[in-house]
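Q: everything below, folded, please.
(chains A and B, ligands or ions: 1)
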Amino acid sequence: MKSKIAKISIAAIAALSLSASVASADTLSDTLSQGYLKCGINSGLPGFASADSQGHWSGIDISVCRAVAAAVLGDKTKVKFTSLNAKERFTALQSGEIDLLSRNTTWTETRDSSLGLNFAGVNFYDGQGFLVHKSLGVKNAKELDGAAVCVQSGTTTELNLADYFRKNGMKYKLVAYDSNDQVLKGFETGRCDVITSDSSQLYSLRIKLKNPAGSMVLPNIISKEPLGPVVRQGDDKWFNIVKWSYAAMVAAEEAGITSKNVDSMLKSNNPTVKRILGVEGKLGENLGIRKDFAYQIIKQVGNYGEVFERTVGMGSPLKIKRGLNALWTKGGLQYSPPFR
Amino acid sequence: MFALLRDRKVRGILFQLLTVIGLVAFLWYIGTNTVHNIEQRGIRTGFGFLTGTSGFAINDSPIAYNETYTYWRVFFVGLLNTIIISVIVIFLSSILGLIVGVLRLSNNWLVAKLSSAYIDIFRNIPILLQILFWYNVVLATLPSPRKSIEFFGSIFLNNRGIYVPKPDMNSTTIGVMVSVVFVFVFAFFLNKWANKKHEETGAEFPVLYTGLGLLVVVPIIAYFIFGANFNFSYPHLRGFNFTGGKTFYPEFLALTFALTIYTATFIAEAVRSGIEAVNKGQKEAAASIGLSGYQALKLVVLPQAIRIAIPPTINQYLNIVKNSSLATAIGYPELVTVFAGTTLNQVGQAIEIISMTMLVYLVISLAVSAILNWINFKMKIKER
Ligand SMILES: N[C@@H](CCC(=O)N[C@@H](CS)C(=O)NCC(=O)O)C(=O)O
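A: Residues are numbered from 1 along each chain as shown, chains lettered A, B, ... in the order given. Predicted coordinates for the structure are as follows:
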């Protein structure tokens, strides 16, 4: 723990003070010359970022890293992943240890305006919820007055929690840890009555419990948590690349292009499809990357819907419904700016 | 002018001056350059953030705090918690270390072996593991609040801490507290007087027993003088948790136990080597003038041994302060947890926050060494 803090601070101070040129740095050429993308991720959150027994990462946040690698380097496997906890993530990005942060990070005004960051989209619309022991007999968050609540420190979750109890005139006992594992332990050993986190994560936390049936998720959603990929401020070119790599996945779903049919779609007559896939126009080149960047993303990673179903949706143990994350044409919020 | 330069002393001063100027200029350059770069990247700089509202809660604060207070307040809460845990652990581990260090050299085989086993085991297990062990294994196995272990119907022990009655701050409470402080001050001067008398006339005065006696009698008298009105706030179960009284949280307890037990092993070793370093002739001389084993230890051996044990003990005290930052693993809200951790994450100003934190540790470390060096100086054998 101590060494981690030392690591962060040394990295931060060294990187921030000595590299006068980084402010105008060209992340794209750095990435091209080193041959891989430096992506910061969660250390383990089923559906968002988790490693199998061979150390192979997958999840909806991982897909964003892979999409950018496919777009920039033409190969989705050319990624160097760095696991970060909530407290480490922004310093790692600011100091250049990573070039893309894709770690269930909520887009907020403070983060956007004073941390030197830019949010490149929203790959998961989430909201904060509560997980309780069934034995408490609580059915609604409004009944939680006086409860001990476990939460991960350094998150928006911690702030929303304070807001919610204040707003409702209730009291709580905070139990804040800096790792998810300790949050789970705290809940299992009875140090706290409740876990609060982004609700998508409550389900995966629940699966990790020794006795999942002994706990339940309350119906209340107390906040807006638009989670998305983040880059450093000051490199607009890189910002655009990440923004449009993600948009390409959504646009592909809108246009009905999937990893299976993408090759035959190359022959499509639809001008939108032609532009997305780089058959017509110069969209990729305008970004400073390959013309067929979206083709590579769709072919290697898949469109947004495919990724969603595979990582957190019905094809995964989490079985999260599309809900707010459906396309705008299906009552959701996922919407790509036009590819033209 | 040149003749002056040829003077070695003048030249020396000149070069030192130039070095200092160069260093300051270099640091100034790095400083402004850093601030410039950071601002270029759209990261807020400066200490203005300290007056902003924190928005998050802290579970264990010695001063009034809630989410509407500022980051400044968070800094002080963290700082106070660091100081509180350090002072308590320094106190407890010194006592434990002294006892174990002496017992380790006991003539009783079992006692000596048990002490050395304790030292060997707890000194060699990494401190972080010990903290997690106390927290996740020992304290976590206590029953839930509803099934608390109860003492006298007013002290409760469960997996959320120890709950004890807390006296209201009325005139009786304050009067009794002041009287206790008074007894300690009095005992200090009594001890001085007794030592002087002992040196001059050889007469013994039982300072310890007198002091203990006064510690019982004086507060009782004070209690009656100041209105005989103790008013306790008792912990009681309300909803999910206990409220009222004073709570010692598991995070605090685990950290205190682990750091005390770990550090005491090092202090015990310091004490032991101090005792062993005392010339054997001293012990024999003590025995030959008819002092009992205990008297020899107390009057001859320990006073000399402690002098030798002080420098390594200083180091251990400093380690306690630094190791207290391992609390982040279990979420005890000391400085590194709430300020270099949570606050840093919420406002993102790494340089400012890490500098402030490092400065605090530097100042505490320097202060501790200064105090102990002073004690060291005072306790030096006075040549007569
Ligand atoms: N979306 C929130 C919370 C993100 C977050 O760190 N969530 C925690 C759980 S509430 C997490 O992912 N923990 C996983 C880990 O650290 O391993 C934010 O951006 O502040």
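
Q: contacts and neighbour counts: CA atoms only from here.
A: OK.

Q: next, the contact list for whichever residue of the stretch 1-150 of chain A sits closest to the ligand, please.
A: Of all residues in the stretch 1-150 of chain A, the one sitting closest to the ligand is A:T105 (3.4 Å; CA to the nearest ligand atom). Shown here is A:T105, whose contacts under the criterion CA atoms under 8 Å, 6 or more residues apart in numbering or on different chains are A:P226, A:L227, A:G228, A:P229, A:V230.

Q: ranges for the helices of the chain?
A: All of this refers to chain A. For chain A, the helices defined by DSSP state H occupy A:2-18, A:27-34, A:60-73, A:89-94, A:109-114, A:156-167, A:180-188, A:199-208, A:236-254, A:262-265, A:271-276, A:283-287, A:293-300, A:304-311.

Q: wait, chain B was what I had in mind.
A: B:2-6, B:8-40, B:71-104, B:109-124, B:127-132, B:171-201, B:207-225, B:250-277, B:280-288, B:293-295, B:302-323, B:335-337, B:344-347, B:350-379.

Q: run through who's touching the first one.
A: Residues from elsewhere that reach helix B:2-6 (CA under 8 Å, 6+ apart): B:V10, B:R11.

Q: chain center to it, what's the gap?
A: How far helix B:2-6 lies from its chain's middle: 54 Å, per CA atoms, centre = their mean, to the nearest Å.

Q: got it, and the third one?
A: Taking CA atoms, centre = their mean, one finds helix B:71-104 lying 2 Å from the centre of the chain it belongs to.

Q: how about stretch B:270-283?
A: Taking CA atoms, centre = their mean, the mean C-alpha location of stretch B:270-283 is offset from the chain mean by 27 Å.

Q: equivalent analysis for stretch A:165-173, please.
A: Using CA atoms, centre = their mean, the offset of stretch A:165-173 from its chain centre is 29 Å.

Q: how long is that stretch from one end to the other?
A: Start and end residues of stretch A:165-173 are separated by 11 Å (CA to CA, to the nearest Å).

Q: what does that stretch contact?
A: Contact partners of stretch A:165-173, identified using CA under 8 Å, 6+ apart, comprise A:K142, A:L144, A:D145, A:G146, A:A147, A:A148, A:V149, B:N59.

Q: check stretch A:252-270 too.
A: Outside stretch A:252-270, the residues that touch it by CA under 8 Å, 6+ apart are A:272-274, A:276-277, A:279, A:295, A:298-306, A:327.

Q: what sits against A:A49?
A: By CA under 8 Å, 6+ apart, the contact list for A:A49 reads A:I41, A:N42, A:S43, A:W57, A:S58, A:G59, A:I60, A:D61, A:I62, A:R103.

Q: let me know the pLDDT of the residue lying closest to the fourth one once chain neighbours are set aside.
A: Leaving out its chain neighbours, the residue that sits closest to A:W57 by CA to CA, 6 or more residues apart in numbering or on different chains is A:A51, at 4.2 Å. With respect to pLDDT, A:A51 has a value of 93.

Q: coming back round to it: return the item of the contacts of A:A49 having minimum pLDDT.
A: For the contacts of A:A49, the model is least confident at A:S43; its pLDDT is 89.

Q: backbone dihedrals for that residue, both of them.
A: Main-chain dihedrals, A:S43, degrees, to the nearest 10: phi -80, psi -10.

Q: go ahead and confirm it touches A:S83.
A: Yes. The criterion here is CA atoms under 8 Å, and A:S43 meets it with A:S83 at 4.6 Å.

Q: adding distance to the ligand and mean neighbour count, write the helices of chain B out as CSV.
A: Shown next, in CSV, are the helices of chain B (distance: least, CA to the nearest ligand atom, whole Å; neighbours: other CA atoms under 10 Å in any protein chain shown):
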stretch, distance to the ligand, mean neighbour count
helix B:2-6, 63, 9
helix B:8-40, 22, 13
helix B:71-104, 18, 21
helix B:109-124, 29, 15
helix B:127-132, 18, 19
helix B:171-201, 44, 15
helix B:207-225, 50, 15
helix B:250-277, 20, 23
helix B:280-288, 58, 13
helix B:293-295, 56, 12
helix B:302-323, 23, 19
helix B:335-337, 15, 27
helix B:344-347, 9, 23
helix B:350-379, 17, 15
